[in-house]
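Peer 1: only geometry, no sequence info:
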């Protein structure tokens, strides 16, 4: 069965454990985007994406801008994640996050993402990750 994802996106490996339990995640690294299809596993009692599932997705935003993240490069632990819920994302919807690397320092990576469904914002997130690229780390 063909995967129902927009052109330009390829399936990514979210890693073992909780990332794998989340389900399929897709990357369009050329455009700095990450996406997923809301399924029943992501749902809440009213047929929309559960806030915890959206937060998990938001915490994956670094995959969209970090080349080679799925190829065994060092893990970038999350230092901080802030998420604003703007509108529901119904089960069946394609959620796409446009991710921006705001700043990279020697020890930290600062990102932001706006998550949309059909072009309408459903959430926005900011995150700080440890930068594993620093020399001597």
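Peer 2: It's in. Fair warning: this is a prediction, and the values are worked out from it, not measured in the lab.
Peer 1: ranges for the strands of the chain?
Peer 2: Counting by DSSP state E, the chain has strands at residues 10-12, 25-28, 33-37, 78-85, 94-104, 108-117, 120-130.
Peer 1: Please work out the average pLDDT along stretch 31-38.
Peer 2: Averaged across stretch 31-38, pLDDT comes to 95.
Peer 1: ok, back up a step: quick check: which of the strands of the chain has the most neighbours on average?
Peer 2: When those are scored by mean count of other Cβ atoms under 10 Å, the highest mean neighbour count falls to strand 33-37 (a mean of 23). In short, each C-beta sits where N, CA and C put it, glycine included.
Peer 1: ok, it: who's next to it in the sheet?
Peer 2: Strand pairing for strand 33-37, using DSSP bridges, gives strand 25-28 (antiparallel), strand 94-104 (antiparallel).
Peer 1: Same list, these, but as TSV with distance to residue 88 and mean pLDDT please.
Peer 2: As requested, those are arranged in TSV below (distance: least, Cβ to Cβ, whole Å; pLDDT from 0 to 100):
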stretch	distance to residue 88	mean pLDDT
strand 25-28	20	94
strand 94-104	11	96
